[in-house]
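Participant: 3D model of this:
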Amino acid sequence: MRATSMVGTLTCLLLAAACSSPAHQSGNAAPAGSPAPTTAAATTGTPSPSTPSPSSAPPSPSERPSSSATSAASLVLGPKGIGSLKLGMTRQQATATGMVRPFKMSRCGYSSLHAAPAEEGNVTLSPTLGVAAISVWPGIKTPEGASIGMSSAEMLRIYPAWKAADGDAANGRGSAKTPGNDKAVYRIATRNGKVTSLTLQLRNQDCYE
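Facilitator: Residues are numbered from 1 along each chain as shown. Model (predicted):
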């Protein structure tokens, strides 16, 4: 009877020990209540998409080509005008071309071309005829090749019918017919055997002599 009691007591103790032992878990599972382990995927995260390299910065103003220089290089004087500016245009039409600065008005209007150097490239506006004269600067040529700075002899080879209004071909002022426009002439002045001014004007312009 005593032995049976001892066996029962021992059995109860073994059962109690087994119940209080933590359950065995395979792998590296942490005990209950511990924070879940961070997996490699969670630690690494999804790689962010690569940011494309920014496009090249726009050139600074000093690196940009000059629009005035570019347009001036392609300008030719005559026989109707220069670029989109034509003889006979009204003030509004001339301004709308975007080629001229605002006109200063008196009896006749006076302006200058945006593409021209300071105090050159003058435009004269007649109150009755519209754009009556367009003067250019060195580098601008006529279709026949005349330009400021050429010799008087070269100018006469191009326009042999040039006629002096005063002086002579070496030092004077005169005009030549404009091929392709019988309503206009080239007014050409010379000094010391060189062409010093070149203007396309209406034959009947009424703003100056």
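Participant: okay, Leu87 and Ser111: tell me how far apart.
Facilitator: For Leu87, the distance to Ser111 equals 14 Å [C-beta to C-beta, to the nearest Å]. In this view, the C-beta of every residue, glycine as well, is placed from N, C-alpha and C.
Participant: same deal with Ser151?
Facilitator: For Ser151, the distance to Ser111 - C-beta to C-beta - is 31 Å.
Participant: low pLDDT regions in the protein?
Facilitator: Scanning the chain for pLDDT under 70 picks out 1-71.
Participant: again, only this time at 50
Facilitator: Residues of the chain that meet the criterion pLDDT under 50 lie in 1-56, 58-70.
Participant: still on that earlier bit, okay, Ser151 and Ser111: which has more neighbours?
Facilitator: Neighbour tally, Ser151 and Ser111, criterion other C-beta atoms under 10 Å: the higher count belongs to Ser111, 22 against 15.
Participant: past the helix or strand containing Ser175, which element shows up next along the chain?
Facilitator: If you go by DSSP states H and E, Ser175 is part of strand 172-177. Using DSSP H and E, the next helix or strand after strand 172-177 towards the C-terminus is strand 184-191.
Participant: elements contacting that next one?
Facilitator: Applying 3 or more C-beta pairs under 8 Å, 6 or more residues apart in numbering; DSSP states H and E, one finds that strand 184-191 contacts helix 152-158, strand 172-177, strand 194-202.
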